[in-house]
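Asks: with the sequence up front, the predicted model follows.
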Amino acid sequence: QHAIERSDCVTAVSDFLRDRTAEVFGVAKDRIRRIYNFVNPADFNPELPCGCPDGRVKRCGKTVLVHASNLREVKQPLDIIRVFRAVADVTGDKCQLRIVGDGPLRGAMEKLAADLGLKDRVMFTGATSRPGMFLACADIFLMTSHEESFGLAALEAMACRTAVVGYKSGGLPEVVEDGVSGLMTPYNDTAAMAAACLALLNDRPRLERMKDAAL
């Protein structure tokens, strides 16, 4: 509170974070200026080559869901595996999931994927300096965070022309326009998220329009 009140300028990456900061620290909202996050288009764009092992082309031709994070508890990454299980039950081996990044819950994710019979359809890239390659060849980016101050990974996916399906939580609704550049689903409702993914995968013209809007 002292730092905020004595600083010449204080910024937040979303209206959500600005309002939450004002509430928690008991300061006036007008002390905090919202400046949204941004991406470097050289690192995140639709023209990047595919990141899969046999890629080296713009698209690998597969139907791909992707998630990128540091795989911490706040990101709820186990929900990603559960969502994909529901999607895979309908699409079979036509759809793949790629997990970009590394973190403390990676082992639990790998075990859950194996327990659910998804081991061959879930690819873990580990930490990478070029996440855009995996985002650019995906159809849908999944975000299941408990709370996001902004949702930078979603913005990076959108810069790669990838639609976003995520929990309506934190600042993410400021990044993703529900029904236009992606779909927002109720928090902790993996069934609703899977249904949203299937609705888009079963309506390719709508998905392509949504990807264009995301970009």
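Replies: Structure received. Numbering: from 1, shown residues only.
Asks: how close does the residue nearest to the spatial centre of the chain get to Pro77?
Replies: The centroid of the chain falls nearest to Met143 when counting by C-alpha atoms, centre = their mean (3.8 Å). Per C-beta to C-beta, to the nearest Å, Met143 is found 10 Å from Pro77. Backbone N, C-alpha and C define where each C-beta goes, glycine included.
Asks: shared neighbours, those two?
Replies: Counting by C-beta atoms under 8 Å, 6 or more residues apart in numbering, the residues touching both Met143 and Pro77 are His67.
Asks: so what's Ala108 up against?
Replies: The contact partners of Ala108, by C-beta under 8 Å, 6+ apart, come to Leu78.
Asks: confirm it sits in a strand?
Replies: No - in this structure, Ala108 is helix, not part of a strand, as judged by DSSP: H, G, I helix; E, B strand; the rest coil.
Asks: show the model's pLDDT score for it.
Replies: Per-residue pLDDT puts Ala108 at 98.
Asks: in what helix or strand does the closest residue to Ala28 other than its chain neighbours lie?
Replies: Spatial nearest neighbour of Ala28, chain neighbours left out: Ala22 (6.7 Å); criterion: C-beta to C-beta, 6 or more residues apart in numbering. Ala22 is part of helix 15-25, with elements assigned from DSSP states H and E.
Asks: okay, helices next: where are they in this protein?
Replies: With DSSP state H, the ranges of helices along the chain come out as 2-6, 15-25, 77-91, 106-115, 132-136, 152-159, 172-175, 190-201, 204-214.
Asks: could you dump the ones you listed into CSV with distance to Ile35 added?
Replies: Listed next are those as CSV, based on distance: least, C-beta to C-beta, whole Å:
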stretch, distance to Ile35
helix 2-6, 15
helix 15-25, 10
helix 77-91, 28
helix 106-115, 32
helix 132-136, 23
helix 152-159, 13
helix 172-175, 12
helix 190-201, 30
helix 204-214, 21
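Asks: out of those, which comes closest to Arg121?
Replies: Closest approach to Arg121 among those is made by helix 77-91 (6.2 Å; C-beta to C-beta).
Asks: who touches that closest one?
Replies: Applying C-beta under 8 Å, 6+ apart, the contact partners of helix 77-91 are 63, 65, 67, 69, 71, 95, 97, 99, 103, 105, 108-109, 112-113, 116, 118, 121-122, 142, 144, 188, 190-191, 193-195, 197-198, 201.
Asks: buried ones among those residues?
Replies: By neighbour count, with 16 or more other C-beta atoms under 10 Å, those hold 65, 67, 69, 71, 95, 97, 99, 103, 105, 109, 112-113, 116, 118, 121-122, 142, 144, 190, 193-195, 197-198, 201 as buried.
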